[in-house]
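# with the input below, show me the fold.
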Amino acid sequence: MSIENLIAQLNAETKEERLAALREIKALTDKGELPTPEKTAFVNNHIHTTYSFSPYSPTKALYLAWQNGLGTAGIMDHDSVSGAKEFIEAGEIIGMPVTVGAECRINMSGTALNGKRINNPDQISVAYAAIHGIPHQMIDRFDAFFEGYRRHRNLRNLKMCRRINEIMAPYGVAIDFKADVLPLSNSWEGGSVTERHVLFALAKKLTARFTTPAEVLAFLENDMGLALSAKVRSQIADGDKTPQFYEYDILGALKSNLVEKFYIDATDECPDVTEYIALCRETGAISAYAYLGDVGDSVTGDKKTQKFEDDYLDLLISELKRLGFNAITYMPSRNTREQLERIIKLCSDNGFFQISGEDINSPRQSFICKAMADPMFAHLTDATYTLIAHEEAASKDITKAMFWGK
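Numbering: from 1, shown residues only. Purely as a prediction, here's the structure:
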């Protein structure tokens, strides 16, 4: 089989096919028939896979991390750990240490942050939180925990599809949750279905209807009246030149401009923060708040200019400490130096473990965060290996994990 076909197999339908292709690629590399990737000091603890929204299976994601020279990589899917065991096995095949995590939305209405827009662009009193360093013997425990929340989320997804169809009815465009959205996910294997899946289905309807990028742009801007940034407009206009990005760029435009028109508040699918903290303590995993900070020019193109936690950051940190969070995670490429200096100092002053990771859920996004080369973030690379040590220890005995019970 050619290397091109082997790489394509990394996204095959079954885990067994994907891992078999990676074993063959690694064997060819060990024989010198394929070049060995040059290892760098870069790390990434926030890689999404097809078990939430991503163009990459867990195996393909780790292959790309390896080929890009990452020293280590971490899986981070929404409301799902169903890709974790495959990710771990892929890491064993290529000899790369990995970490297991998940991302979820938590209800903060019973805290001092009630009524505030925290780090969620779509809903007040709800925050995005990460779970890092999940001990491997606890993966099934987390899968059972998330299963019910995924069911509730899909009920809301179905209702949001209906709202989108009401919006799109004048244009003769409609999406079907079962026929158009679910096939884009790994929901039958414990994957989650997100707003991105819904909008990706809509993007595919638009590219099926309009044959050129110019027609898509005219529809989005003139018919639907969406205000596209110059960056996103340029990306879509070049869709013929970059077909691998085209539908993802349309998705980004829709996410930035359309979500508020069809979004339904998440309720039953969001565990209470106290339940989330209790689960992390019980399992030896690390509870981490995901700092977003006020957004100016969105790096990913799918977030509009908006204010988040920066106006009340001292209150936020105090409340996270009271609630018992272990860590704060942030993305060096997404914020200004002033924002980053402030969050780093607050973490240090309040004893929060600091974790980095660059959101990977689109083929446009690089596995390498060049901002991490700045000596200012050297502690984040060191922290990643502390995270690996925590997960390894906790996978043997959670009572020996450095964050256990805190």
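
# low-confidence ranges in the chain?
Scanning the chain for pLDDT under 70 picks out the ranges 297-304, 404-406.

# show me where it has strands.
Assigned by DSSP state E, the strands in the chain fall at 43-47, 72-78, 98-107, 126-132, 286-290, 327-330, 353-356.

# in CSV: these, plus mean neighbour count.
Yep, even glycine has a C-beta here, placed from its N, CA and C like the rest. CSV is the format used below for those (neighbours: other CB atoms under 10 Å):
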stretch, mean neighbour count
strand 43-47, 27
strand 72-78, 27
strand 98-107, 25
strand 126-132, 24
strand 286-290, 26
strand 327-330, 23
strand 353-356, 23
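
# the ones you listed: which one's closest to Thr384?
strand 43-47 (4.4 Å; CB to CB).

# return the alpha-carbon coordinates of the closest one using PDB.
Output of strand 43-47 as PDB, limited to C-alpha atoms (Å, rounded to 0.1, in the frame of the first residue of the first chain):
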ATOM      1  CA  VAL A  43       3.700  20.300  23.100                       C
ATOM      2  CA  ASN A  44       0.000  20.500  22.800                       C
ATOM      3  CA  ASN A  45      -2.600  19.300  25.400                       C
ATOM      4  CA  HIS A  46      -5.800  20.300  23.600                       C
ATOM      5  CA  ILE A  47      -6.300  18.300  20.400                       C
END
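
# list the contacts of it.
With CB atoms under 8 Å, 6 or more residues apart in numbering as the test, strand 43-47 has contacts from 54, 56, 61, 65, 70-76, 99, 101, 130, 132, 329, 331, 355-360, 367-369, 372, 380-381, 384, 387.

# what's the angle between it and strand 286-290?
Strand 43-47 and strand 286-290 are oriented at 80 degrees to each other (axes from the mean of the first three to the mean of the last three CA atoms, to 10 degrees).

# tell me the angle of strand 43-47 relative to strand 126-132?
Angle between the axes of strand 43-47 and strand 126-132 is 130 degrees (criterion: the same axes, to 10 degrees).

# nearest to Leu113, out of the strands of the chain?
Between Leu113 and these, the tightest spacing by CB to CB is seen for strand 126-132, at 7.2 Å.

# can you tell me how far Phe87 is from Ser192?
Look at Phe87 and Ser192: by CB to CB, to the nearest Å, they are 15 Å apart.

# please apply the same query to Pro332.
When Pro332 is compared with Ser192 (using CB to CB), they lie 26 Å apart.

# quick one: which of those two has more around it?
A count of neighbours by other CB atoms under 10 Å puts Ser192 above the other of Pro332 and Ser192, at 26 against 20.

# may I have the phi/psi pair for that one?
When read as degrees, to the nearest 10, the backbone of Ser192 gives phi -100, psi 160.

# next one: it from Glu147, what distance?
Using CB to CB, we find Ser192 at a distance of 10 Å from Glu147.

# so which bits of the longest helix that the chain contains are buried?
Secondary structure of the chain per DSSP state H: the longest helix is helix 139-168. Residues of helix 139-168 classed as buried by neighbour count (16 or more other CB atoms under 10 Å): 139, 142-143, 145-146, 149-150, 153-154, 156-157, 160-161, 164-165, 168.

# please apply the same query to stretch 211-224.
By neighbour count on 16+ other CB under 10 Å, the buried set for stretch 211-224 is 213, 216-217, 219-221, 224.

# count of neighbours near Leu182?
Using other CB under 10 Å, Leu182 has 18 neighbouring residues.

# please apply the same query to Arg342.
Arg342 sits with 17 neighbouring residues when counted by other CB under 10 Å.

# which ones are touching it?
Applying CB under 8 Å, 6+ apart, the residues near Arg342 are 310, 313.

# what's the distance between the residue most central in space within the chain and His197?
By CA atoms, centre = their mean, the chain has its centre lying nearest to His48, at 4.5 Å. Distance, His48 to His197, by CB to CB: 12 Å.

# can you map out the helices along this structure?
Using DSSP H, helices in the chain cover 3-9, 15-30, 58-67, 84-94, 139-168, 195-209, 213-218, 230-237, 243-262, 273-283, 313-323, 337-350, 378-396.

# I'd like the ones you listed as JSON lines, with distance to Asp176 appended.
Converted to JSON lines, these look like this (distance: least, CB to CB, whole Å):
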{"stretch": "helix 3-9", "distance to Asp176": "28"}
{"stretch": "helix 15-30", "distance to Asp176": "28"}
{"stretch": "helix 58-67", "distance to Asp176": "27"}
{"stretch": "helix 84-94", "distance to Asp176": "29"}
{"stretch": "helix 139-168", "distance to Asp176": "7"}
{"stretch": "helix 195-209", "distance to Asp176": "8"}
{"stretch": "helix 213-218", "distance to Asp176": "21"}
{"stretch": "helix 230-237", "distance to Asp176": "24"}
{"stretch": "helix 243-262", "distance to Asp176": "15"}
{"stretch": "helix 273-283", "distance to Asp176": "33"}
{"stretch": "helix 313-323", "distance to Asp176": "40"}
{"stretch": "helix 337-350", "distance to Asp176": "42"}
{"stretch": "helix 378-396", "distance to Asp176": "40"}
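
# quick one: residues contacting Pro58.
With contact taken as CB under 8 Å, 6+ apart, Pro58 is in contact with 18, 49-51, 75, 83-84, 86-87, 90.

# number of residues surrounding Asp397?
12.

# phi first, then psi, for it.
According to degrees, to the nearest 10, Asp397 has phi -170, psi 110.

# residues contacting it?
Residues in contact with Asp397 (CB under 8 Å, 6+ apart): none are found.

# go on, Gly101?
By CB under 8 Å, 6+ apart, the contact set of Gly101 is 45-46, 74-76, 130-134.

# return the member of those residues nearest to Asp311.
The closest of the contacts of Gly101, once distances to Asp311 are taken by CB to CB, is Ala130, at 22.6 Å.
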